[in-house]
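Novice: Here is a sequence together with a model predicted from it:
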Amino acid sequence: MIPEQNQSWVSEFILLGFSSHPTTNSILFTVFLLIYLSSVMGNGLIIMLICMDTQLHTPMYFFLCILAMLDLCYVTTTMPQMLVHLLAKSQTISFAGCWLQMYVFGALGVTECTLFVVMAYDPYVAICYPLHYTIILNWGLCRQLAAGSCVCGFLSALLHTFFTMSLPYCGPNKVNHYFCEGPSVRSLACMDTHLIEMIDLVLSAFLIVIPICLIVASYIHIAMAILKIKSIQARCKAFSTCASHLTVVTFFYGPASYMYMRPNSSYSPERDKQMALFYNAFTALLNPVVYSLRNKDIKRAFLKVMCHGRVH
(Lines give C-alpha, C1' and ligand atoms only; values in the text may rest on other atoms or scores of the structure.)
Protein backbone atom coordinates (compact mmCIF):
# COMPACT_ATOMS: atom_id res chain seq x y z
CA MET A 1 0.00 0.00 0.00
CA ILE A 2 1.30 3.46 -0.92
CA PRO A 3 1.91 5.73 2.10
CA GLU A 4 -0.56 8.55 2.37
CA GLN A 5 2.05 11.30 2.26
CA ASN A 6 3.23 10.10 -1.16
CA GLN A 7 -0.19 10.37 -2.74
CA SER A 8 -1.18 13.30 -4.92
CA TRP A 9 -4.59 14.68 -4.01
CA VAL A 10 -4.61 17.49 -6.58
CA SER A 11 -6.18 16.35 -9.87
CA GLU A 12 -6.08 19.80 -11.52
CA PHE A 13 -4.50 23.21 -11.14
CA ILE A 14 -5.94 26.70 -11.53
CA LEU A 15 -3.75 29.10 -13.53
CA LEU A 16 -4.32 32.62 -12.18
CA GLY A 17 -2.81 34.35 -15.21
CA PHE A 18 -2.34 38.12 -15.24
CA SER A 19 -5.70 39.46 -14.11
CA SER A 20 -9.16 38.48 -12.90
CA HIS A 21 -10.86 41.61 -14.22
CA PRO A 22 -13.00 40.91 -17.36
CA THR A 23 -12.22 44.22 -19.06
CA THR A 24 -8.49 43.87 -18.48
CA ASN A 25 -8.63 40.28 -19.72
CA SER A 26 -10.35 41.38 -22.93
CA ILE A 27 -7.60 43.92 -23.60
CA LEU A 28 -4.89 41.38 -22.79
CA PHE A 29 -6.59 38.84 -25.06
CA THR A 30 -6.40 41.24 -28.01
CA VAL A 31 -2.76 42.15 -27.35
CA PHE A 32 -1.60 38.57 -26.81
CA LEU A 33 -3.58 37.28 -29.78
CA LEU A 34 -1.80 39.79 -32.03
CA ILE A 35 1.57 38.79 -30.55
CA TYR A 36 0.83 35.10 -31.04
CA LEU A 37 -0.42 35.46 -34.62
CA SER A 38 2.54 37.69 -35.51
CA SER A 39 4.93 35.10 -34.04
CA VAL A 40 3.31 32.28 -35.99
CA MET A 41 3.31 34.26 -39.23
CA GLY A 42 6.89 35.53 -38.80
CA ASN A 43 8.41 32.16 -37.97
CA GLY A 44 6.23 30.41 -40.54
CA LEU A 45 7.46 32.82 -43.20
CA ILE A 46 11.11 32.17 -42.27
CA ILE A 47 10.54 28.40 -42.52
CA MET A 48 8.73 28.72 -45.85
CA LEU A 49 11.39 30.95 -47.44
CA ILE A 50 14.27 28.73 -46.35
CA CYS A 51 12.52 25.59 -47.57
CA MET A 52 11.56 27.11 -50.93
CA ASP A 53 14.75 28.97 -51.84
CA THR A 54 17.58 26.63 -52.80
CA GLN A 55 20.09 29.44 -52.29
CA LEU A 56 19.21 29.34 -48.59
CA HIS A 57 20.01 25.63 -48.31
CA THR A 58 23.17 26.21 -46.29
CA PRO A 59 24.09 25.23 -42.70
CA MET A 60 23.41 28.75 -41.42
CA TYR A 61 19.84 28.81 -42.72
CA PHE A 62 19.29 25.16 -41.83
CA PHE A 63 19.86 26.04 -38.16
CA LEU A 64 17.80 29.23 -38.53
CA CYS A 65 14.93 27.15 -39.90
CA ILE A 66 15.12 24.83 -36.88
CA LEU A 67 15.18 27.87 -34.56
CA ALA A 68 12.01 29.18 -36.23
CA MET A 69 10.34 25.77 -35.79
CA LEU A 70 11.33 25.71 -32.11
CA ASP A 71 10.00 29.24 -31.57
CA LEU A 72 6.76 28.29 -33.29
CA CYS A 73 6.29 25.27 -31.02
CA TYR A 74 7.60 27.14 -27.97
CA VAL A 75 5.04 29.92 -28.13
CA THR A 76 2.23 27.48 -29.05
CA THR A 77 2.90 25.47 -25.88
CA THR A 78 1.59 28.29 -23.68
CA MET A 79 -0.12 31.09 -25.63
CA PRO A 80 -3.26 29.36 -27.00
CA GLN A 81 -4.19 28.08 -23.56
CA MET A 82 -3.55 31.49 -22.03
CA LEU A 83 -5.80 33.09 -24.66
CA VAL A 84 -8.60 30.64 -23.85
CA HIS A 85 -8.24 31.29 -20.12
CA LEU A 86 -8.44 35.05 -20.65
CA LEU A 87 -11.98 34.67 -22.01
CA ALA A 88 -13.22 31.51 -20.30
CA LYS A 89 -14.67 31.37 -16.81
CA SER A 90 -12.67 28.27 -16.00
CA GLN A 91 -8.88 28.56 -15.79
CA THR A 92 -8.15 24.97 -14.86
CA ILE A 93 -5.63 22.55 -16.30
CA SER A 94 -5.51 18.86 -15.46
CA PHE A 95 -2.58 17.39 -13.54
CA ALA A 96 -1.55 15.41 -16.64
CA GLY A 97 -1.96 18.49 -18.84
CA CYS A 98 0.21 20.51 -16.47
CA TRP A 99 2.84 17.76 -16.48
CA LEU A 100 2.87 17.66 -20.29
CA GLN A 101 2.99 21.44 -20.69
CA MET A 102 5.86 21.77 -18.23
CA TYR A 103 7.79 19.01 -19.97
CA VAL A 104 7.33 20.28 -23.54
CA PHE A 105 8.05 23.88 -22.52
CA GLY A 106 11.24 22.85 -20.72
CA ALA A 107 12.34 20.52 -23.53
CA LEU A 108 11.92 23.19 -26.21
CA GLY A 109 13.66 25.79 -24.03
CA VAL A 110 16.72 23.61 -23.39
CA THR A 111 16.81 22.58 -27.06
CA GLU A 112 16.88 26.25 -28.03
CA CYS A 113 19.68 26.90 -25.50
CA THR A 114 21.74 24.15 -27.11
CA LEU A 115 20.87 25.25 -30.64
CA PHE A 116 22.21 28.75 -29.98
CA VAL A 117 25.61 27.15 -29.26
CA VAL A 118 25.39 25.25 -32.55
CA MET A 119 24.46 28.47 -34.36
CA ALA A 120 27.52 30.17 -32.86
CA TYR A 121 29.68 27.35 -34.23
CA ASP A 122 28.61 28.20 -37.79
CA PRO A 123 30.13 31.73 -37.93
CA TYR A 124 33.14 30.46 -35.96
CA VAL A 125 33.96 27.94 -38.70
CA ALA A 126 33.01 30.36 -41.50
CA ILE A 127 35.26 33.16 -40.23
CA CYS A 128 38.12 31.25 -38.60
CA TYR A 129 38.35 28.40 -41.15
CA PRO A 130 36.76 29.76 -44.36
CA LEU A 131 38.64 27.42 -46.71
CA HIS A 132 37.54 24.32 -44.80
CA TYR A 133 33.97 25.46 -44.05
CA THR A 134 32.15 22.95 -46.28
CA ILE A 135 34.39 20.12 -45.11
CA ILE A 136 34.07 20.82 -41.38
CA LEU A 137 30.39 21.83 -41.32
CA ASN A 138 29.07 19.20 -43.72
CA TRP A 139 25.40 18.19 -43.88
CA GLY A 140 26.01 15.04 -41.88
CA LEU A 141 27.44 17.04 -38.99
CA CYS A 142 24.63 19.61 -39.26
CA ARG A 143 21.99 16.92 -38.88
CA GLN A 144 23.88 15.37 -35.95
CA LEU A 145 24.17 18.72 -34.18
CA ALA A 146 20.47 19.45 -34.67
CA ALA A 147 19.47 15.98 -33.46
CA GLY A 148 21.86 16.25 -30.50
CA SER A 149 20.27 19.56 -29.47
CA CYS A 150 16.82 17.95 -29.45
CA VAL A 151 17.99 14.88 -27.51
CA CYS A 152 19.72 17.08 -24.94
CA GLY A 153 16.60 19.21 -24.53
CA PHE A 154 14.05 16.43 -24.20
CA LEU A 155 16.16 14.27 -21.88
CA SER A 156 17.16 17.07 -19.49
CA ALA A 157 13.60 18.41 -19.31
CA LEU A 158 12.46 14.95 -18.26
CA LEU A 159 14.55 15.21 -15.07
CA HIS A 160 13.27 18.69 -14.25
CA THR A 161 9.64 17.71 -14.81
CA PHE A 162 9.95 14.43 -12.92
CA PHE A 163 11.42 16.13 -9.83
CA THR A 164 8.64 18.73 -9.80
CA MET A 165 5.58 16.64 -10.65
CA SER A 166 6.53 13.68 -8.40
CA LEU A 167 6.06 15.92 -5.36
CA PRO A 168 2.87 15.49 -3.29
CA TYR A 169 0.25 18.16 -4.02
CA CYS A 170 -2.60 18.19 -1.53
CA GLY A 171 -3.80 21.77 -1.95
CA PRO A 172 -3.98 24.69 -2.57
CA ASN A 173 -3.94 24.24 -6.33
CA LYS A 174 -3.81 27.85 -7.55
CA VAL A 175 -0.70 28.49 -9.65
CA ASN A 176 0.21 32.17 -9.79
CA HIS A 177 1.31 32.02 -13.42
CA TYR A 178 -0.16 31.85 -16.91
CA PHE A 179 1.21 28.36 -17.56
CA CYS A 180 2.63 25.43 -15.57
CA GLU A 181 6.06 26.86 -14.87
CA GLY A 182 8.27 24.69 -12.64
CA PRO A 183 9.01 26.93 -9.63
CA SER A 184 5.43 28.26 -9.52
CA VAL A 185 3.96 24.75 -9.40
CA ARG A 186 6.61 23.45 -7.02
CA SER A 187 5.76 26.16 -4.48
CA LEU A 188 2.40 24.40 -3.93
CA ALA A 189 3.95 21.09 -2.87
CA CYS A 190 3.02 19.68 0.56
CA MET A 191 6.62 19.06 1.62
CA ASP A 192 9.97 20.76 1.97
CA THR A 193 11.33 21.26 -1.56
CA HIS A 194 14.72 22.73 -0.61
CA LEU A 195 16.74 19.73 -1.87
CA ILE A 196 14.84 19.53 -5.16
CA GLU A 197 15.22 23.27 -5.64
CA MET A 198 18.99 22.92 -5.19
CA ILE A 199 19.11 20.06 -7.72
CA ASP A 200 17.02 22.11 -10.15
CA LEU A 201 19.30 25.12 -9.67
CA VAL A 202 22.37 23.00 -10.46
CA LEU A 203 20.69 21.58 -13.58
CA SER A 204 19.63 25.06 -14.70
CA ALA A 205 23.12 26.46 -14.13
CA PHE A 206 24.61 23.58 -16.11
CA LEU A 207 22.18 24.08 -19.01
CA ILE A 208 22.55 27.87 -19.12
CA VAL A 209 26.11 28.67 -18.00
CA ILE A 210 27.88 26.09 -20.19
CA PRO A 211 26.11 27.19 -23.43
CA ILE A 212 26.82 30.85 -22.60
CA CYS A 213 30.50 30.06 -21.99
CA LEU A 214 30.74 28.15 -25.28
CA ILE A 215 29.08 31.00 -27.18
CA VAL A 216 31.37 33.58 -25.57
CA ALA A 217 34.43 31.44 -26.37
CA SER A 218 33.30 31.15 -30.01
CA TYR A 219 32.88 34.89 -30.36
CA ILE A 220 36.23 35.63 -28.73
CA HIS A 221 37.89 33.53 -31.44
CA ILE A 222 35.67 35.15 -34.07
CA ALA A 223 36.58 38.67 -32.87
CA MET A 224 40.30 37.82 -32.89
CA ALA A 225 40.00 36.50 -36.46
CA ILE A 226 38.05 39.55 -37.63
CA LEU A 227 40.58 41.98 -36.15
CA LYS A 228 43.27 40.37 -38.30
CA ILE A 229 41.33 41.32 -41.45
CA LYS A 230 42.92 44.42 -43.02
CA SER A 231 39.88 45.64 -44.97
CA ILE A 232 37.53 47.75 -42.83
CA GLN A 233 34.61 46.89 -45.12
CA ALA A 234 35.31 43.17 -44.72
CA ARG A 235 35.50 43.62 -40.94
CA CYS A 236 32.12 45.36 -40.84
CA LYS A 237 30.57 42.65 -42.99
CA ALA A 238 31.95 39.92 -40.73
CA PHE A 239 30.71 41.66 -37.55
CA SER A 240 27.31 42.22 -39.18
CA THR A 241 27.04 38.47 -39.84
CA CYS A 242 27.29 37.81 -36.10
CA ALA A 243 25.08 40.68 -34.91
CA SER A 244 21.72 38.95 -35.43
CA HIS A 245 22.75 35.85 -33.52
CA LEU A 246 24.17 37.88 -30.63
CA THR A 247 20.96 39.90 -30.45
CA VAL A 248 18.61 36.89 -30.18
CA VAL A 249 20.98 35.16 -27.75
CA THR A 250 20.81 38.21 -25.46
CA PHE A 251 17.01 38.32 -25.70
CA PHE A 252 16.76 34.66 -24.73
CA TYR A 253 19.53 34.09 -22.18
CA GLY A 254 19.03 37.35 -20.26
CA PRO A 255 15.53 36.63 -18.91
CA ALA A 256 16.15 32.86 -18.73
CA SER A 257 19.26 33.36 -16.56
CA TYR A 258 17.31 35.64 -14.24
CA MET A 259 14.42 33.19 -13.97
CA TYR A 260 16.35 29.99 -13.28
CA MET A 261 19.65 31.10 -11.72
CA ARG A 262 18.54 33.20 -8.79
CA PRO A 263 17.87 32.32 -5.12
CA ASN A 264 14.31 31.41 -4.17
CA SER A 265 14.28 34.30 -1.69
CA SER A 266 14.02 36.72 -4.64
CA TYR A 267 10.98 34.93 -6.09
CA SER A 268 8.32 37.40 -7.24
CA PRO A 269 5.27 35.87 -9.01
CA GLU A 270 4.24 39.02 -10.88
CA ARG A 271 7.75 39.88 -12.06
CA ASP A 272 8.45 36.27 -12.99
CA LYS A 273 5.31 36.11 -15.14
CA GLN A 274 6.46 39.18 -17.04
CA MET A 275 9.95 37.77 -17.55
CA ALA A 276 8.56 34.41 -18.68
CA LEU A 277 6.28 36.18 -21.14
CA PHE A 278 9.29 38.01 -22.59
CA TYR A 279 11.52 34.99 -23.24
CA ASN A 280 8.56 32.83 -24.26
CA ALA A 281 6.39 35.08 -26.44
CA PHE A 282 8.43 38.15 -27.32
CA THR A 283 11.59 36.31 -28.36
CA ALA A 284 9.50 34.18 -30.72
CA LEU A 285 8.13 37.42 -32.15
CA LEU A 286 11.44 39.29 -32.33
CA ASN A 287 13.69 36.54 -33.72
CA PRO A 288 12.19 36.57 -37.25
CA VAL A 289 12.26 40.37 -37.24
CA VAL A 290 15.93 40.52 -36.19
CA TYR A 291 17.06 37.96 -38.75
CA SER A 292 14.92 39.42 -41.54
CA LEU A 293 15.90 43.06 -41.09
CA ARG A 294 19.63 42.30 -41.03
CA ASN A 295 19.69 39.60 -43.69
CA LYS A 296 19.86 40.40 -47.40
CA ASP A 297 19.29 36.78 -48.44
CA ILE A 298 16.01 36.55 -46.51
CA LYS A 299 14.88 39.87 -47.99
CA ARG A 300 15.78 38.68 -51.50
CA ALA A 301 13.86 35.42 -51.07
CA PHE A 302 10.85 37.32 -49.71
CA LEU A 303 10.84 39.74 -52.64
CA LYS A 304 11.00 36.83 -55.08
CA VAL A 305 7.96 35.25 -53.48
CA MET A 306 6.04 38.53 -53.49
CA CYS A 307 6.96 39.39 -57.08
CA HIS A 308 6.91 35.96 -58.74
CA GLY A 309 4.89 33.80 -56.38
CA ARG A 310 7.67 31.24 -56.11
CA VAL A 311 11.36 30.94 -55.41
CA HIS A 312 13.76 29.11 -57.71
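Specialist: Looks like it came in fine.
Novice: Distance-wise, check the residue lying closest to Ser19 once chain neighbours are set aside relative to Leu33.
Specialist: For Ser19, ignoring the flanking residues on the chain, the nearest one in space by CB to CB, 6 or more residues apart in numbering is Asn25 at 5.7 Å. To be clear about C-beta, it is placed using only N, CA and C from the backbone, and glycine gets the same treatment. Applying CB to CB, to the nearest Å, the value for Asn25 to Leu33 is 12 Å.
Novice: next one: Leu83
Specialist: Counting by CB to CB, the gap from Leu83 to Leu33 is 6 Å.
Novice: Now for those two: what residues contact both?
Specialist: By CB atoms under 8 Å, 6 or more residues apart in numbering, Leu83 and Leu33 have no common neighbours.
Novice: Name the nearest residue to His177, ignoring sequence neighbours.
Specialist: Nearest to His177 is Ser184, by CB to CB, 6+ apart, at 4.1 Å.
Novice: Count the residues that sit near the one you found.
Specialist: Residues lying near Ser184 (other CB atoms under 10 Å) number 24.
Novice: you'd agree it is up against Asn176?
Specialist: Yes: Ser184 lies in contact with Asn176 (CB atoms under 8 Å); the separation is 6.0 Å.
Novice: so what does the least confident helix or strand in the chain by mean pLDDT touch, helix or strand wise?
Specialist: Least confident helix or strand of the chain, by mean pLDDT, DSSP states H and E, is helix 296-308 with a mean of 79. Secondary-structure packing of helix 296-308 (3 or more CB pairs under 8 Å, 6 or more residues apart in numbering; DSSP states H and E): helix 22-52, helix 283-293.
Novice: and those as TSV, adding distance to Val125?
Specialist: Supplementary listing: the helices and strands packed on helix 296-308 in TSV, determined by distance: least, CB to CB, whole Å:
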stretch	distance to Val125
helix 22-52	19
helix 283-293	19
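Novice: Quickly compare the ones you listed and say which is most buried.
Specialist: Among those, helix 283-293 has the highest mean neighbour count (mean count of other CB atoms under 10 Å), at a mean of 20.
Novice: on that earlier part again, over to the residue nearest to His177. Which of the three states is it?
Specialist: helix (DSSP: H, G, I helix; E, B strand; the rest coil).
Novice: What pLDDT is listed against it?
Specialist: pLDDT recorded at Ser184 is 87.
Novice: Also Ala284?
Specialist: 89.
Novice: Overlap in contacts, Ser184 and Asn176.
Specialist: Pro269.
Novice: Lowest average pLDDT across the helices and strands packed on helix 296-308?
Specialist: Looking at these, the bottom one is helix 283-293 with a mean of 85.
Novice: tell me which strands and helices that helix is in contact with?
Specialist: helix 22-52, helix 59-87, helix 232-260, helix 296-308.
Novice: With distance to Cys150 as added columns, please give the ones you listed in TSV.
Specialist: What follows is the helices and strands packed on helix 283-293, written out as TSV (distance: least, CB to CB, whole Å):
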stretch	distance to Cys150
helix 22-52	16
helix 59-87	9
helix 232-260	17
helix 296-308	24
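Novice: Ok, which of those comes nearest Val289?
Specialist: If you check each of the helices and strands packed on helix 283-293 against Val289 by CB to CB, helix 22-52 wins as the nearest, at 6.6 Å.
Novice: now the closest one against helix 59-87, angle please.
Specialist: Relative orientation of helix 22-52 versus helix 59-87 (axes from the mean of the first three to the mean of the last three CA atoms, to 10 degrees): 160 degrees.
Novice: okay, the angle between helix 22-52 and helix 296-308?
Specialist: Using the same axes, to 10 degrees: helix 22-52 against helix 296-308 is 90 degrees.
Novice: Report all helices and strands that helix 22-52 contacts.
Specialist: Counting by 3+ CB pairs under 8 Å, 6+ apart, helix 22-52 packs on helix 59-87, helix 283-293, helix 296-308.
Novice: Looking at those helices, which is nearest to Leu49?
Specialist: So among the helices and strands packed on helix 22-52, helix 296-308 is nearest, using CB to CB, at 4.4 Å.
Novice: So which bits of that closest one are buried?
Specialist: For helix 296-308, burial by neighbour count (16 or more other CB atoms under 10 Å) applies to Asp297, Ile298, Ala301, Phe302, Lys304, Val305.
Novice: how close does the second one get to Leu108?
Specialist: Spelled out, that is Ile298. Taken as CB to CB, the span from Ile298 to Leu108 is 23 Å.
Novice: pLDDT below threshold where in the stretch 151-300 of the chain?
Specialist: For the stretch 151-300 of the chain, applying pLDDT under 70 flags the ranges 263-267, 294.
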